[in-house]
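Enquirer: fold the following, please.
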Amino acid sequence: MASQLSLSEQRAALEREWAQWVPTGVSALGQSSAVRTEVAQSWLRSLRTVDPGRDCAPESATDDIGPRWTESPLRGPVTELKEQLHSVADDAGFVAAVTDASGTILWTYGGPVMRRKAEQVNFAPGGRWDEAHMGTNALSLALRTDQPHTVFTAEHLVAALHGWVCYCAPIRAADGTLLGVLDLSTTWKRSNPLAMATVRTMTTAIESKLHATLPAPAGMRLTCLGPGRSLRDGKPIRLRPRQLEILTLLALDDDGFSHERLHYAVYGDRAVGASTLKSEMSHLRRATGGDITNRVYRFTTALSCDAVDVLRALQTGDRDTAVRLYRGPLLPDSDTPGISEWRDYLEVAMRNAVLASPDANHALVYGESAPDDIAVHEHALALLPMRDARRAVAAATFGGACEVTATR
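Expert: Sure, this is the predicted structure:
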């Protein structure tokens with residue numbers, strides 16, 4: 001009884017905080033001691049694109065989710081563990097779900113009661129549960145941070161989810177690439193700290209089966225939109241900023257670089273000897289397992305990169321993916337000529353795609369990484385209906401951008 005009372009008190013406190021801050025979108029909510037920092041920050045981001053009063057998750061632009069699940073690398077492991085997942089859901093009164101990396105649900109299972117509750121909010125295959133479409137929830141936080149998360153009652157941005165508690169953990173490929181998430185959700189009264197341990201255990205089991213059936217690629221993953229980092233076979237590699245810049249250039253140019261061309265892309269007209277670049281390349285070969293060719297600098301194995309993923313999405317007209325993956329300028333602290341050129345190209349391409357889009361979400365999400373871009377915020381306001389709750393946040397951002405511009 002005491003435990004139940006404690007849950008009730010927690011829910012009541014969160015409801016009060018939600019009612020005070022979410023409808024107004026006041027940035028001071030981060031000062032509230034009753035709301036976790038990561039939740040408060042997610043509320044602020046989510047309010048740009050999500051109406052807290054919406055009743056369910058939007059549908060994926062893909063009408064038939066079946067082929068996506070059939071082709072997903074997660075399908076095999078989840079199918080093999082189906083009995084365990086069914087048992088967890090049935091015994092504890094949960095609904096289980098697996099998403100892809102975009103936050104679109106590909107598979108769910110639950111008993112009759114939870115299945116009906118889930119269907120009411122489109123917690124079902126085809127539902128989009130990323131932050132830009134469904135606001136703060138365990139799935140969106142796990143996708144954004146690549147870490148497990150629990151979201152309880154009114155920590156959810158959308159009021160229709162205030163009767164829920166959700167436990168979620170990311171699922172990674174052998175090379176560290178985020179493939180999706182596993183979520184267990186139930187009604188708030190069934191909240192149990194052991195549920196997160198269960199999610200972690202099942203996620204580990206899925207990853208183990210995934211890695212056993214799919215050999216780990218001898219490749220690397222670069223994150224270079226925003227602060228850079230590199231992984232090889234899922235493990236961080238310690239690289240100096242200059243070396244990360246070189247890897248980023250190799251990732252962005254499939255044709256490779258001659259020594260002279262790469263030297264100019266890295267150092268420009270500065271008086272830097274040829275041996276300096278050769279030394280950097282020797283270090284990179286050791287760090288990457290010798291995967292860089294000699295005569296023309298090029299990667300011989302898979303080298304994936306978030307900036308390349310954004311470029312490919314833009315080239316195919318997939319604005320949804322481009323906006324979702326674009327987290328900010330390319331290596332913003334770099335003054336390397338080649339990086340500066342690519343940074344400008346990406347920013348212009350992203351901005352043009354957003355300004356040409358009829359979807360207000362694109363301008364609202366991209367506006368987070370371009371807070372001073374008045375045209376983008378104007379575009380969002382022009383697309384939003386007059387009664388859309390998101391106009392207040394967009395208008396406030398627009399006003400802030402105008403004020404910054406006026407003071408320059």
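Enquirer: for residue 128, name its beta-bridge partners.
Expert: residue 104 (DSSP bridges).
Enquirer: check the gap between it and residue 137 for me.
Expert: Distance of residue 128 to residue 137, given as CB to CB, to the nearest Å: 11 Å. In short, each C-beta sits where N, CA and C put it, glycine included.
Enquirer: which of these two has more neighbours?
Expert: Between residue 128 and residue 137, counted using other CB atoms under 10 Å, the more crowded position is residue 137 (29 against 21).
Enquirer: the more buried one reaches residue 157, doesn't it?
Expert: Yes: counting by CB atoms under 8 Å, residue 157 is a contact partner of residue 137 at 7.5 Å.
Enquirer: in the stretch 51-200 of the chain, which spans are helices?
Expert: 66-71, 75-80, 82-92, 112-120, 131-134, 138-145, 194-213 (DSSP state H, counting those that start in this stretch).
Enquirer: and of those helices, who's closest to residue 310?
Expert: helix 131-134 (15.1 Å; CB to CB).
Enquirer: start and end of stretch 234-254, how far apart?
Expert: End-to-end distance for stretch 234-254: 23 Å, by CA to CA, to the nearest Å.
Enquirer: what do you get for stretch 60-69?
Expert: Termini of stretch 60-69 sit 13 Å apart (CA to CA).
Enquirer: for that stretch, which positions count as buried?
Expert: Buried residues in stretch 60-69, counted by 16 or more other CB atoms under 10 Å: 60, 65, 68-69.
Enquirer: where does the stretch 151-300 of the chain have low pLDDT?
Expert: 213-218 (pLDDT under 70).
Enquirer: can you rerun that using 80?
Expert: Where the stretch 151-300 of the chain drops to pLDDT under 80, the residues are 174-176, 211-219, 232-235, 289-291.
Enquirer: how about the strands in it?
Expert: 164-172, 178-187, 220-223, 229-232, 235-236 (DSSP state E, counting those that start in this stretch).
Enquirer: any chance of the ones you listed in JSON lines, with distance to residue 365 too?
Expert: Supplementary listing: these in JSON lines, determined by distance: least, CB to CB, whole Å:
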{"stretch": "strand 164-172", "distance to residue 365": "20"}
{"stretch": "strand 178-187", "distance to residue 365": "18"}
{"stretch": "strand 220-223", "distance to residue 365": "18"}
{"stretch": "strand 229-232", "distance to residue 365": "22"}
{"stretch": "strand 235-236", "distance to residue 365": "28"}
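Enquirer: what's the most buried one of those strands?
Expert: Of all these, strand 164-172 has the most neighbours on average by mean count of other CB atoms under 10 Å, namely a mean of 25.
Enquirer: note down every partner strand of that one and its orientation.
Expert: Here, using DSSP bridges, strand 164-172 pairs with strand 149-152 (antiparallel), strand 178-187 (antiparallel).
Enquirer: report the distance from the shortest one to the chain centre.
Expert: The reference is to strand 149-152. In terms of CA atoms, centre = their mean, to the nearest Å, the gap separating the centre of strand 149-152 from the centre of its chain is 17 Å.
Enquirer: stretch 258-266: how far from the chain's middle?
Expert: So, by CA atoms, centre = their mean, the centroid of stretch 258-266 is 33 Å from its chain's centroid.
Enquirer: quick one: closest of the strands of the stretch 151-300 of the chain to residue 261.
Expert: Each of the strands of the stretch 151-300 of the chain was scored for nearness to residue 261 using CB to CB, and the closest is strand 220-223 (19.9 Å).
Enquirer: residues in contact with the closest one: which ones?
Expert: Strand 220-223 has contacts (CB atoms under 8 Å, 6 or more residues apart in numbering) with 175-177, 228-232, 237, 244, 247-248, 251, 288, 291, 299, 301-307.
Enquirer: only the buried subset of those residues, as a ChimeraX command please.
Expert: To isolate the buried subset of the contacts of strand 220-223 in ChimeraX, counting by 16+ other CB under 10 Å, use the following:
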select :175,176,177,228,230,231,232,237,244,247,248,251,288,291,299,303,304,305,306,307
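Enquirer: quick one, what contacts the residue positioned nearest the centre of the chain?
Expert: In the chain, the residue lying closest to the centroid (CA atoms, centre = their mean) is residue 144, at 3.6 Å. Counting by CB under 8 Å, 6+ apart, residue 144 touches 42, 131.
Enquirer: what about it, distance to residue 221?
Expert: Applying CB to CB, the value for residue 144 to residue 221 is 17 Å.
Enquirer: also residue 283?
Expert: Distance of residue 283 to residue 221, given as CB to CB: 19 Å.
Enquirer: residue 381 reaches residue 396, doesn't it?
Expert: No: counting by CB under 8 Å, residue 381 does not reach residue 396; the two are 10.8 Å apart.
Enquirer: counting neighbours, what do you get for the closest residue to residue 14 other than its chain neighbours?
Expert: In space, residue 14 comes closest to residue 154 once its chain neighbours are excluded; the distance is 3.7 Å by CB to CB, 6 or more residues apart in numbering. Applying other CB under 10 Å, we find 25 residues neighbouring residue 154.
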